[in-house]
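Student: here is a sequence together with a model predicted from it:
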Amino acid sequence: MSLDIHITQLASPAGDLLRSLHIHVPDGKVHTLMGPSGCGKSSVLAAVCGTLDHGMLWDGRVTLHDQRIESLPVQARRVGLLFQDDLLFAHMTVRENLLFAVPAGERQARERAVEAALDDVEMREFLHANPARLSGGQRARVALARALLAQPRCLLLDEPFSKLDAALRERMRALVFGLVAQRAIPALLVTHDLADVADPQHLTRLDTAGAV
């Protein structure tokens with residue numbers, strides 16, 4: 001089981017971004033994409049989750065756990081997303097933010113799933129907190145819990161640590177990588193920081209000329 005990305009061509013209206021890109025991400029591993037701004041890193045993530053801008057041209061395929069997903073609707077792909085901004089709903093408590101991500105089902109089971117997710121990120125005591133009163137690191141942990149509660153089959157990470165200070169960044173990185181391994185899901189990470197690389201054997205560098 002894995003995430004496999006084959007991109008023959010990825011282009012914006014301004015020209016080619018990438019050609020002949022192949023990435024294989026085994027379950028439980030984090031594969032890192034690095035390169036200068038504008039080289040197509042975030043566009044690769046968008047191609048996987050199905051949110052590429054309409055003006056983009058791309059040719060390729062995405063296989064997740066032996067299923068081709070590039071033609072599926074976004075909601076059917078079951079791809080989790082974590083960004084540098086936490087995107088929590090300001091009008092909801094932590095509990096309500098997390099319940100929003102839990103699949104439909106029996107109410108008590110959904111509540112238990114939320115509590116377990118907060119235990120995973122060491123935030124149980126903040127169940128009824130207002131997200132606006134949380135620190136940046138606490139909000140990042142809630143966002144991670146919400147992403148995982150949707151039971152994604154893979155996780156896409158678009159510079160999720162970039163706004164955290166150095167010490168918090170290290171702890172958050174260890175938490176995310178540990179949960180990816182524990183859940184045995186493939187993860188694709190975009191970053192500019194070499195310290196974020198989980199495994200040098202799972203690293204792809206892109207450049208602005210579209211070469212890999």
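Tutor: Noted; the coordinates are in hand. Because the structure is predicted, anything quoted here is derived from the model rather than measured. Numbers count the residues shown, from 1 in each chain.

Student: quick check: which ranges of this structure have low pLDDT?
Tutor: The chain contains residues with pLDDT under 70 at 1, 208-212.

Student: apart from its chain neighbours, what residue comes closest to the residue nearest the centre of the chain?
Tutor: Compute the mean C-alpha point of the chain, and by C-alpha atoms, centre = their mean the closest residue is L156, 2.3 Å away. Closest residue to L156 apart from its sequence neighbours, by C-beta to C-beta, 6 or more residues apart in numbering: L45 at 4.7 Å. Quick note: C-beta positions are derived from backbone N, CA and C, even for glycine.

Student: isn't that neighbour up against L188?
Tutor: Yes - with contacts counted by C-beta atoms under 8 Å, L45 reaches L188, the gap being 6.5 Å.

Student: need the residues touching each of these two.
Tutor: L156 (C-beta atoms under 8 Å, 6 or more residues apart in numbering).

Student: more crowded one of those two?
Tutor: Ranked by neighbour count (other C-beta atoms under 10 Å), L45 and L188 place L188 first, with 26 against 22.

Student: looking at this, that one is in a strand?
Tutor: Yes - assigned with DSSP: H, G, I helix; E, B strand; the rest coil, L188 falls within a strand.

Student: which residues are in contact with it?
Tutor: 3, 5, 23, 25, 30-31, 33, 44-45, 48, 154-157.

Student: recalculate using a threshold of 7 Å.
Tutor: Contact analysis of L188 by C-beta atoms under 7 Å, 6 or more residues apart in numbering lists L3, V25, H31, L33, L45, V48, L156, L157.

Student: ok, it to R95 distance?
Tutor: 29 Å (C-beta to C-beta, to the nearest Å).
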